[in-house]
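> Quick one, structure for this:
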Amino acid sequence: MNTYDPPEAGNLHMLDVLGFYNIPLFYTCRNGEGGQAFLTLFADEAENGDETWLYAPLSETRMAAIMAGDITFKDAFTRAEGGAVYVERVRADDGARLSLETMAAATLPDDWLPEPQCRVGGGE
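Below you'll find the model as predicted:
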């Protein structure tokens with residue numbers, strides 16, 4: 001498994017918003033200027049409002065393929081580079097990070113993921 005820099009709380013710069021409902025829910029971002037890139041997805045909301053976010057590390061080549069529509073969003077997570085994604089849990093009331101863990105990409109719950117046909121440019 002490759003080693004990727006984890007998402008840095010408070011230092012993520014949004015690049016492209018791919019899904020929005022009151023706030024960006026699906027987007028690409030980067031750690032600081034020129035750092036590790038991620039495909040980021042709002043995955044779940046607990047009963048108390050705490051949120052779960054997924055971060056799939058991206059190489060520049062992989063990001064270009066996703067943005068060209070060559071890779072589905074679901075595959076970007078379930079077949080993530082390095083075989084794992086970061087799962088961040090965030091407190092609802094103030095946005096503070098509660099936890100950041102890695103999870104094997106192939107074990108992500110289906111109800112956290114986009115529909116299989118969704119990609120840039122089609123398959124909504």
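
> thought residue 63 was touching residue 37?
Yes. Using C-beta atoms under 8 Å, residue 63 makes contact with residue 37 at a distance of 5.4 Å. To be clear about C-beta, it is placed using only N, CA and C from the backbone, and glycine gets the same treatment.

> more neighbours, those two?
Neighbours per residue (other C-beta atoms under 10 Å) separate residue 63 from residue 37, with residue 37 holding more: 22 against 19.

> Centroid-nearest residue for the protein?
In the chain, the residue lying closest to the centroid (C-alpha atoms, centre = their mean) is residue 40, at 2.2 Å.

> and the gap between that residue and residue 47?
With the distance defined as C-beta to C-beta, to the nearest Å, residue 40 ends up 23 Å from residue 47.

> same deal with residue 97?
Counting by C-beta to C-beta - residue 97 and residue 47 are separated by 19 Å.

> Mind checking which of the two has more residues around it?
Ranked by neighbour count (other C-beta under 10 Å), residue 97 and residue 47 place residue 97 first, with 13 against 5.

> which residues does the more buried one contact?
By C-beta atoms under 8 Å, 6 or more residues apart in numbering, the contact set of residue 97 is 9, 88-91.

> all helices in this protein, in order from the N-terminus.
60-67, 73-78 (DSSP state H).

> Kindly reformat the ones you listed as JSON lines containing mean pLDDT and distance to residue 20.
JSON lines is the format used below for those (pLDDT from 0 to 100; distance: least, C-beta to C-beta, whole Å):
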{"stretch": "helix 60-67", "mean pLDDT": "95", "distance to residue 20": "16"}
{"stretch": "helix 73-78", "mean pLDDT": "96", "distance to residue 20": "14"}
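
> Sweet, I'm off.
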